[in-house]
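J.: pasting the sequence and the predicted model now:
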Amino acid sequence: MVGLAVHAGDVQDCDGAEIVLSEIAGRFVRLKKRWADGGYSGELVHTAKRWYSRTLEIVKRTDKHQFK
């Protein structure tokens with residue numbers, strides 16, 4: 001496991017992700033890139049780079065991979 005944070009249900013995904021980023025800030029220094037789904041796009045990508053020197057790549061869902 002890389003990192004985990006438990007928070008209240010009213011915390012937005014991006015805010016919760018910032019908690020996890022801060023928890024793992026000095027760990028896994030060889031891990032160059034982190035992936036996240038579209039719910040984490042926006043300012044979090046810039047925060048990860050600016051504050052934690054980490055690349056956060058957003059992986060977009062494609063309809064061809066949906067279950068029917």
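T.: That came through, no problem.
J.: shaky segments in this protein?
T.: For the chain, the stretches with pLDDT under 70 are 1-2, 63-68.
J.: could you report the neighbour count for residue 28?
T.: With neighbours defined by other Cβ atoms under 10 Å, the count for residue 28 comes to 12. No exception for glycine: its C-beta is placed from N, CA and C like everyone else's.
J.: now it: which helix or strand?
T.: Under DSSP states H and E, no helix or strand contains residue 28.
J.: tell me where this protein has helices.
T.: Taking DSSP state H, the helices of the chain run over residues 13-23, 43-52.
J.: who's in contact with the last one?
T.: Right, helix 43-52. Residues from elsewhere that reach helix 43-52, judged by Cβ atoms under 8 Å, 6 or more residues apart in numbering: 14, 17, 18, 21, 22, 25, 34, 36, 54, 55, 56, 58.
J.: go with 10 Å
T.: Residues outside helix 43-52 that contact it (Cβ atoms under 10 Å, 6 or more residues apart in numbering): 13-18, 21-22, 24-26, 34, 36, 40, 54-58.
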